[in-house]
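Undergrad: have a look; sequence and predicted model below, questions after that.
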Amino acid sequence: QVQLQESGPGLVKPSQTLSLTCTVSSGSITTNYYDWNWIRQPPGKGLQWVGAIHYSGTTYYSPSLKSRTSISRDTSKNQLTLQLSSVTPEDTGVYYCARLDGVLFDYWGQGTQVTVSS
């Protein structure tokens, strides 16, 4: 059973950079065909895809967030990292990491709350 666990600061000040880590267990992030995604849910809104890193290391970003987003990985630790720069209160929400098997998001972390506030 693959498990994903998000971690990071719960509170970030406006204009700062948000940094979150997703630790994956019982499954390698370099295994063929899987994409590892970051998805967020602002309060009272639906899920919003932020970006992903392919098993090969190629990254993909939401066009609306691309200029502020960076996703990387540490294969030795089996971890993904999301960095979102110049945050505003509109970046507040629950952030999830999830695995995509090509069709479905089949495994999700429990999510971590991020609040952007001074």
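TA: Happy to help now that I have it.

Undergrad: only C-alpha atoms from now on, for both contacts and neighbour counts.
TA: Noted.

Undergrad: at which residues are the strands of the protein located?
TA: 3-7, 11-12, 18-25, 35-41, 48-54, 59-61, 69-74, 79-84, 93-100, 105-108, 112-116 (DSSP state E).

Undergrad: and the fourth one, which strands flank it?
TA: If I follow you right, that is strand 35-41. Using DSSP bridges, the strands paired with strand 35-41 in its sheet are strand 48-54 (antiparallel), strand 93-100 (antiparallel).

Undergrad: show residues contacting that strand.
TA: 29, 47-55, 80, 82, 93-102 (C-alpha atoms under 8 Å, 6 or more residues apart in numbering).

Undergrad: contacting residues around the nearest residue to residue 98 once chain neighbours are set aside?
TA: Leaving aside its chain neighbours, residue 98 sits nearest to residue 108 (4.3 Å; criterion: C-alpha to C-alpha, 6 or more residues apart in numbering). Residue 108 makes contact with 3-4, 96-99 under the criterion C-alpha under 8 Å, 6+ apart.

Undergrad: can you pick the most crowded of those residues?
TA: residue 97 (32 neighbours; other C-alpha atoms under 10 Å).
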